[in-house]
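Participant: 3D, please:
(chains A, B and C)
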Amino acid sequence: MKSFRKELWFNVPSRRGFIDITPAVERCLAESGIVEGLVLVNAMHITASVFINDDEAGLHQDYDDWLERLAPHEPVSQYRHNRTGEDNGDAHLKRQVMGREVVVAVTDRRLDFGPWERIFYGEFDGRRKKRVLVKIIGQ
Amino acid sequence: MKSFRKELWFNVPSRRGFIDITPAVERCLAESGIVEGLVLVNAMHITASVFINDDEAGLHQDYDDWLERLAPHEPVSQYRHNRTGEDNGDAHLKRQVMGREVVVAVTDRRLDFGPWERIFYGEFDGRRKKRVLVKIIGQ
Amino acid sequence: MKSFRKELWFNVPSRRGFIDITPAVERCLAESGIVEGLVLVNAMHITASVFINDDEAGLHQDYDDWLERLAPHEPVSQYRHNRTGEDNGDAHLKRQVMGREVVVAVTDRRLDFGPWERIFYGEFDGRRKKRVLVKIIGQ
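Facilitator: As a prediction, the model looks like this:
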């Protein structure tokens, strides 16, 4: 069994944003030399997500509007978590809806994807450097 | 390390529906010959889910009602994504709540499940052929 | 390839609660002797979650309040599932928001975590013994 590990770093300039990280994950897979196996891609922070969906700007705005309805940022006083001095209580909730991680099959050296699948980093408390872990196991 | 891959195809005749795919995943596992490892089961489409829960018709109706409250299909004009000519903006949101994939342990040639765990395909934009990927790695 | 399996048992004395199970998962990893690989940690019950987030009591109360807004326990008659004699329809919905499982990388014998990541068992229908599965594969 072979294994590969790499951290990807991001600094989203706004509080929230989505980044297509598929090319970066594909580069990791090529570097790993793994032909058959599984790729785990996870946010290493608890106010961010990794998820798979469509690379379509309107949809990303829909996600942002919807997550704001489900778990609004303001008023920050509505979250007990923010009594610790944070203002990111909403980000911990939004991240649960969108998920921490994806696991993707590796088949014949490639991400084994349907036609529209793309991997996104979802930032809900940005304006600082944060990390995603790519771990690949296989042969 | 051994690996196995198979696609399962579905055509749900209505817009939304849930299908118990546990027997199909069990057949994949038997075919793979893998004794110990992990099974990944994921929707290959971004308006569908694979999730684990109870095989109970009332619960499935509860899920459908609840997802319609969280992300209603109508009016389709509420989603920017639908300005592309689609009418499935809601399906991209519903799928995030229910999830893209499950990872299940394989122990002694069997899906290592609690008493009520069943794997479902959740369709949110049906009436066409769509796929699920089963990938098994192990020994 | 090596594999390891262990069940962790919990009995949350109230209907809902969160337990930090990171130390228990770390003990499994040490016992397994696995150096590089993946850990799957999943609820074996369909009214409970395993998820990764912050060990902060205010946040856990925020999660509980939020999940009660998204899928209230009362009135129990609002869920068709409860016509079967159950009163846990809400728990099946809450679990979908928080997730069934996490997959964590194992690197150099350790859970490969960002600074604040902790693994929690989320109980939504407690007051009885329930299980989590830890499955580790790797080398």
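Participant: mind checking how far the spatially most central residue of chain A is from chain B?
Facilitator: Nearest residue to the geometric centre of chain A (Cα atoms, centre = their mean): residue A:50, 1.9 Å. According to Cβ to the nearest Cβ, to the nearest Å, residue A:50 and chain B sit 11 Å apart. Where you see a C-beta, it was placed from the backbone N, CA and C, and this is true even at glycine.
Participant: Could you spell out the sheet neighbours of the helix or strand encompassing that residue, each with its direction?
Facilitator: Assigned by DSSP states H and E, residue A:50 belongs to strand A:48-53. Within its sheet, strand A:48-53 is paired with strand A:118-123 (antiparallel), according to DSSP bridges.
Participant: and for the partner strand, what are the contacting residues?
Facilitator: Outside of strand A:118-123, the residues within contact range by Cβ atoms under 8 Å, 6 or more residues apart in numbering or on different chains are A:8, A:10, A:12, A:15-22, A:25, A:41, A:43, A:48-55, A:63, A:94-95, A:98, A:102, A:104, A:130, A:132.
Participant: Tell me which of these fall in strands.
Facilitator: Mapping these onto strands (DSSP state E) picks out A:8, A:10, A:17-20, A:41, A:43, A:48-53, A:102, A:104, A:130, A:132.
Participant: From those residues, list the buried ones, please.
Facilitator: Neighbour-count burial (16 or more other Cβ atoms under 10 Å in any protein chain shown) applied to those gives A:8, A:10, A:17-18, A:41, A:43, A:48-53, A:102, A:104, A:130, A:132.
Participant: Run through the residues that contact residue A:61.
Facilitator: residue B:80.
Participant: Equivalent analysis for residue A:65, please.
Facilitator: Taking Cβ under 8 Å, 6+ apart as the definition of contact, residue A:65 has no neighbours.
Participant: For whichever residue of chain A sits closest to chain B, what are phi and psi?
Facilitator: Closest approach between chain A and chain B, counting by Cβ to the nearest Cβ: residue A:114, at 3.0 Å. Geometry field for residue A:114 lists phi and psi as phi -70, psi 180, criterion degrees, to the nearest 10.
Participant: pretty sure it is touching residue B:45, no?
Facilitator: Yes: counting by Cβ atoms under 8 Å, residue B:45 is a contact partner of residue A:114 at 5.4 Å.
Participant: So which of those two has more stuff around it?
Facilitator: residue B:45 (23 against 17; other Cβ atoms under 10 Å in any protein chain shown).
Participant: ok, that one to chain C distance?
Facilitator: Taken as Cβ to the nearest Cβ, the span from residue B:45 to chain C is 19 Å.
Participant: How about the contacts made by the closest residue to that residue other than its chain neighbours?
Facilitator: For residue B:45, ignoring the flanking residues on the chain, the nearest one in space by Cβ to Cβ, 6 or more residues apart in numbering or on different chains is residue B:130 at 4.7 Å. Taking Cβ under 8 Å, 6+ apart, we find residue B:130 in contact with B:9, B:10, B:11, B:12, B:43, B:44, B:45, B:48, B:123.
Participant: Specify the beta-bridge partners of the last one.
Facilitator: Beta bridges link residue B:123 to residue B:17, residue B:48, judged by DSSP bridges.
Participant: and the regular element (helix or strand) spanning residue A:39, which residues are buried?
Facilitator: Using DSSP H and E, residue A:39 maps to strand A:37-43. Residues A:37, A:38, A:39, A:40, A:41, A:42, A:43 are the ones in strand A:37-43 that count as buried (16+ other Cβ under 10 Å).
Participant: With stretch A:121-130 instead?
Facilitator: For stretch A:121-130, burial by neighbour count (16+ other Cβ under 10 Å) applies to A:121, A:122, A:123, A:124, A:125, A:126, A:130.
Participant: Against residue A:4, how distant is the residue of chain A found nearest chain C?
Facilitator: Closest to chain C within chain A is residue A:44: 3.0 Å, counting by Cβ to the nearest Cβ. To residue A:4, residue A:44 is 16 Å away according to Cβ to Cβ, to the nearest Å.
Participant: more crowded one of these two?
Facilitator: Between residue A:44 and residue A:4, residue A:44 has the larger neighbour count (other Cβ under 10 Å), namely 22 against 18.
Participant: what's the nearest residue to that one once chain neighbours are set aside in contact with, if anything?
Facilitator: Counting by Cβ to Cβ, 6+ apart, residue A:44 lies nearest to residue C:114, which is 3.0 Å off, once chain neighbours are set aside. By Cβ under 8 Å, 6+ apart, residue C:114 lies in contact with A:43, A:44, A:45, A:46, A:131, A:133.
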